[in-house]
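Novice: the sequence isn't on hand, but the structure is:
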């Protein structure tokens, strides 16, 4: 069964335990299929059981299909349902490319045969891909026994294609801005979409920056879009610190090289990373001291109501403690120990802090401090040192 992206929301709303398909293929625009994937997972497994009931396998890394088959052939020990997600798979790629397959070069055939045969009730396989080849036997088998959700959007320039593209951008905008307490004006949307074109990743990234940029304003205007573009050109280091917080070492290295090529000194880049690590560490410390205030998945309105008052009190106490240690700070208005008074940027920092443990942040802060001393004492190759530090401290956990 094939479902168009436009009808996927209706399909997911009607989805019940009785009609889950054993296998799903979700392909097309990355930003769209991720949204569908998350909603599908929420349907099949409970929120509080995700860690035990859902396993993501990134197929851009080496993976062993026999392990996947083995897991789907055994009943779950922890819940009624179990999901394995094969993400970024290229076995269905129209370009004929194939992932880095571990041990077995016949992965596609093995997976096709296994899906056709069927597996344990209560176990579900979800495959995501950006490109597919509908002629492949794997695609046809999934279509026969499972559900294919088509999130492909044509890049064509005719009226019909433009209308579909515009709707996809609006869906992404509504999904991102929902729960932030903000409104994106029609002129702002038009200016932003004209700026990015039909590039969902770039559009999403810019809209998230706009939410931070406008802080506690309730409306995002065309003037904000224009100001952000100017700021983005003047403040590229934001991209680096954002990648650091996301533990996205690949993008962090890209932005670091970009900054160095633009004339930034390695010490400037290091200080930006240190400041970001410090902010995350302060938030993590607050979370540990106020265990019942913040929890993963808290919505923005809940954050404003529950967390911000406690954070303001925490900032006040921290500043008093700081002033006892340093009675004449250069900046009396705001010390580096503050969580911050702007709610939405603080909310984003809390979310990003969930990517780290307290121990990881303390260790990172110590390593960055030592690197700072090395740089100031004439480190031989700061670029290599920065690269190694980013990879070792800010890569995604395996």
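Specialist: Perfect, thanks for sending it. Being a predicted model, the structure only gives us computed values, none of them experimental.

Novice: where are the low-confidence patches of the stretch 101-250 of the chain?
Specialist: 101-105, 230-236 (pLDDT under 70).

Novice: ok, now with 90
Specialist: Scanning the stretch 101-250 of the chain for pLDDT under 90 picks out 101-124, 127-139, 150-168, 170-172, 174-182, 190-218, 225-243, 246, 248-250.

Novice: do the same with the stretch 251-398 of the chain
Specialist: Within the stretch 251-398 of the chain, the ranges that satisfy pLDDT under 90 run 251-268, 279, 285, 288-293, 295-349, 365-366, 369-388, 392-398.

Novice: do a quick rundown of the helices in it.
Specialist: Using DSSP state H, counting those that start in this stretch, the helices of the stretch 251-398 of the chain run over 266-289, 300-325, 343-353, 358-376, 382-394.

Novice: using a markdown table, lay out those together with distance to residue 184 and mean neighbour count.
Specialist: C-beta: built from backbone N, CA, C; applies to glycine. Below are those laid out as a markdown table (distance: least, C-beta to C-beta, whole Å; neighbours: other C-beta atoms under 10 Å):
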| stretch | distance to residue 184 | mean neighbour count |
| --- | --- | --- |
| helix 266-289 | 27 | 19 |
| helix 300-325 | 15 | 15 |
| helix 343-353 | 14 | 20 |
| helix 358-376 | 33 | 15 |
| helix 382-394 | 31 | 17 |
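
Novice: how far does stretch 111-129 stretch from one end to the other?
Specialist: From its first residue to its last, stretch 111-129 covers 15 Å (C-alpha to C-alpha, to the nearest Å).

Novice: pull out the buried residues from that stretch.
Specialist: Within stretch 111-129, the residues scored as buried using 16 or more other C-beta atoms under 10 Å are 111-112, 114-115, 119, 122-129.

Novice: which stretches in the stretch 51-200 of the chain count as strands?
Specialist: 54-58, 82-87, 123-129, 147-151, 183-184 (DSSP state E, counting those that start in this stretch).

Novice: and the ones you listed as JSON lines, adding distance to residue 390?
Specialist: Listed next are the strands of the stretch 51-200 of the chain as JSON lines, based on distance: least, C-beta to C-beta, whole Å:
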{"stretch": "strand 54-58", "distance to residue 390": "19"}
{"stretch": "strand 82-87", "distance to residue 390": "23"}
{"stretch": "strand 123-129", "distance to residue 390": "27"}
{"stretch": "strand 147-151", "distance to residue 390": "32"}
{"stretch": "strand 183-184", "distance to residue 390": "33"}
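
Novice: most tightly packed of these?
Specialist: Mean neighbour count (mean count of other C-beta atoms under 10 Å) peaks for strand 123-129 among the strands of the stretch 51-200 of the chain, with a mean of 23.

Novice: now the helices for the stretch 101-250 of the chain?
Specialist: With DSSP H, counting those that start in this stretch as the criterion, the stretch 101-250 of the chain has helices at 107-117, 137-145, 159-177, 186-196, 200-213, 222-234, 237-245, 249-261.

Novice: so what touches the second one?
Specialist: Read that as helix 137-145. 1-2, 21-25, 91-92, 108-109, 111-112, 115-116, 118, 127, 132-134, 148 (C-beta atoms under 8 Å, 6 or more residues apart in numbering).

Novice: no further queries at this time; thank you.
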